[in-house]
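**Student:** Sequence and predicted structure below; questions after.
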Amino acid sequence: MYIQKINIFCKQLILKLYNFFFQKKFATWLLTTISSVFLLLCLLGWYWSQEPKLFPIETQYKKYITESTATTVIGVTTSSTLIHLAETLLNKPGGFIANDIMPPGVVLDNISSWEIGVLIQIRDMTRVMRKDFCRSQSQSKEDPDLAKAEPQFNFDARSWMLPASESEYQIGINKLVAYTKRLAKKDVNTHFYNRADNLARWLSDVATRLGSLSQRLSICTIKPSLEQNGASIIINDDPKNQQTTPWLKLDDIVYEARGTAWALIHLLQAIRIDFFDILSKKHALASIDQIIVELLMTQQRIFSPMILNSSGFGIFTNHSLMISSYISRANIGIVDLKKLLEQG
């Protein structure tokens with residue numbers, strides 16, 4: 001009797017499953033589920049793709065300075081700003097996305113490129129702080145925390161696990177925090193030398209980065225080239241012979257430039273405070289302010305749903321050339337500021 005009831009139950013269950021999976025109810029349920037998941041991933045991807053806003057560097061400085069400290073501690077503004085730049089990469093919506101292998105992060109190439117631009121500036125500043133800012137001369141000892149922080153930020157940005165990029169960068173942040181706390185307490189073994197030659201070395205790195213970005217942005221449009229034929233010059237305007245940025249890479253370069261400019265805006269504001277005496281003596285405050293203004297122009301909101309790169313005189317805008325113009329002017333300002341600091 002029990003065996004017969006079990007057989008009847010199994011037959012009924014199989015019949016119900018058959019009817020569910022092969023009737024319209026299942027198709028409707030499956031379509032609804034897929035659509036809901038897709039919509040959720042799209043909304044999450046849109047939220048994660050929002051670029052962080054500019055932040056006041058004075059707020060970061062106050063985190064490390066106690067009320068008992070009467071005077072400004074040179075170097076804390078720069079190091080605390082650098083810390084917050086790195087923390088923003090890890091703590092913004094979606095966290096660090098460049099190494100994601102699951103949706104929606106794996107398809108968010110724009111914000112990933114933005115992160116790479118910021119990360120490169122973090123690496124450059126950490127290296128200069130270790131190599132120059134914390135040392136009085138070439139034979140002096142480097143700071144132990146900065147010596148450990150610098151290689152951590154040079155870890156592969158695409159590593160998903162074993163170890164993950166985030167864990168390595170967090171170690172670098174912790175070392176920067178340890179250095180900044182010692183600097184804020186005016187530890188006798190912790191230094192930040194705000195000399196003109198030290199600043200000029202960092203500006204040289206910045207100029208190299210901006211020059212490369214400007215070139216990568218400007219080659220998005222086909223331009224004629226000049227070919228020498230004996231004593232004469234031939235203009236070659238054949239599009240087949242021109243090297244331009246691949247169409248699918250245009251937005252990546254634009255957002256990397258925006259990330260680079262975003263990081264530099266904060267770092268230059270911090271440098272303006274920590275190197276104020278040097279910049280004032282060299283009459284360079286107006287120069288650094290103009291550079292910051294040019295970089296701020298790259299942070300304007302992009303209203304277009306996609307990056308457009310029309311020809312220079314086409315009916316549509318060219319986002320790459322627009323940002324390239326601001327980056328180029330900032331780069332010229334950086335070069336001029338470096339020359340001004342190197343003058344005796």
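**Tutor:** That came in fine, so what should we check first?
**Student:** Quick one: find the helix or strand in the chain with the lowest mean pLDDT.
**Tutor:** One helix or strand of the chain scores below all others by mean pLDDT, DSSP states H and E: strand 232-236, with a mean of 55.
**Student:** by contact count, what packs against the following helix or strand past that one?
**Tutor:** Downstream of strand 232-236, the next assigned helix or strand under DSSP states H and E is helix 250-274. The elements that helix 250-274 packs onto, with contact taken as 3 or more C-beta pairs under 8 Å, 6 or more residues apart in numbering; DSSP states H and E, are helix 57-62, helix 76-91, helix 109-128, helix 196-218, helix 285-297, helix 319-342. From N, CA and C alone the C-beta is placed, and that goes for glycine too.
**Student:** correct me, but residue 287 touches residue 333?
**Tutor:** Yes - between residue 287 and residue 333 there is a contact under C-beta atoms under 8 Å: 6.0 Å.
**Student:** okay, those two: which has more neighbours?
**Tutor:** Taking other C-beta atoms under 10 Å, residue 287 and residue 333 do not tie; residue 333 has more neighbours (22 against 17).
**Student:** what's the closest non-adjacent residue to residue 66?
**Tutor:** Leaving aside its sequence neighbours, residue 66 sits nearest to residue 184 (C-beta to C-beta, 6 or more residues apart in numbering; 7.5 Å).
**Student:** Could you chop the protein up by domain?
**Tutor:** 44-193, 196-344 (automatic domain parsing).
**Student:** Residue 163 - how many residues pack around it?
**Tutor:** 12.
**Student:** wait, what's in contact with residue 120?
**Tutor:** 209, 260 (C-beta atoms under 8 Å, 6 or more residues apart in numbering).
**Student:** Relative to residue 257, how far out is the residue nearest the centre of the chain?
**Tutor:** Central residue of the chain (C-alpha atoms, centre = their mean): residue 118, 2.3 Å from the mean position. As judged by C-beta to C-beta, to the nearest Å, residue 118 and residue 257 stand 11 Å apart.
**Student:** picking that back up, the residue nearest to residue 66 touches residue 74, doesn't it?
**Tutor:** No - with contacts counted by C-beta under 8 Å, residue 184 stays clear of residue 74, the gap being 10.7 Å.
**Student:** how many other residues sit next to the closest residue to residue 107 other than its chain neighbours?
**Tutor:** Among residues not flanking residue 107 along the chain, residue 45 sits closest, at 7.0 Å (C-beta to C-beta, 6+ apart). By the measure other C-beta under 10 Å, the count of residues near residue 45 is 18.
**Student:** swap in residue 308?
**Tutor:** Other residues lying near residue 308 total 16 when counted by other C-beta under 10 Å.
**Student:** State the distance from it to residue 59.
**Tutor:** Applying C-beta to C-beta to residue 308 and residue 59 gives a distance of 36 Å.
**Student:** any weak-confidence spans in the stretch 151-300 of the chain?
**Tutor:** Applying pLDDT under 70 to the stretch 151-300 of the chain flags residues 220-248.
**Student:** Kindly recompute the last result at 80.
**Tutor:** 219-250 (pLDDT under 80).
**Student:** Make sure residue 81 is actually in contact with residue 269.
**Tutor:** Yes - using C-beta under 8 Å, residue 81 is in contact with residue 269, at 7.5 Å.
**Student:** Please identify which of the two sits among more neighbours.
**Tutor:** Between residue 81 and residue 269, counted using other C-beta under 10 Å, residue 81 has the larger neighbour count: 25 against 19.
**Student:** With adjacent residues omitted, what lies nearest to that one?
**Tutor:** residue 270 (4.1 Å).
**Student:** Next, count neighbours for that neighbour.
**Tutor:** 25.
**Student:** can you check the one 3 residues further on too?
**Tutor:** Other residues near residue 273 number 19, with proximity taken as other C-beta under 10 Å.
**Student:** same thing with residue 318?
**Tutor:** Residues near residue 318, counting by other C-beta under 10 Å: 20.
**Student:** Any idea what it is bridged to?
**Tutor:** Per DSSP bridges, the residues bridged to residue 318 are residue 309.
**Student:** so it makes contact with residue 309?
**Tutor:** Yes - Residue 318 lies in contact with residue 309 (C-beta under 8 Å); the separation is 5.2 Å.
**Student:** contact partners of stretch 87-94?
**Tutor:** In contact with stretch 87-94 (C-beta under 8 Å, 6+ apart) are residues 44, 47-48, 50, 52, 55, 96, 105, 108, 111, 115, 118-119, 122, 166, 169-170, 173.
**Student:** so where's the stretch 1-150 of the chain uncertain?
**Tutor:** 1-31, 66-72, 137-140.
**Student:** show me what contacts the residue nearest to residue 66?
**Tutor:** 64, 65, 66, 69, 73, 76.
**Student:** Same check on residue 51?
**Tutor:** Residues near residue 51 by C-beta under 8 Å, 6+ apart: 111, 114, 258, 259, 262.
**Student:** Relative to residue 31, which of the domains of the chain is closest?
**Tutor:** Set against residue 31 and scored by C-beta to C-beta, the domains of the chain come closest in domain 44-193, at 18.8 Å.
**Student:** if I look at residue 258, how far off is residue 332?
**Tutor:** Taken as C-beta to C-beta, the span from residue 258 to residue 332 is 19 Å.
**Student:** ok, the two, which is more surrounded?
**Tutor:** Set side by side, residue 258 and residue 332 show more neighbours around residue 258, with 23 against 17, by other C-beta under 10 Å.
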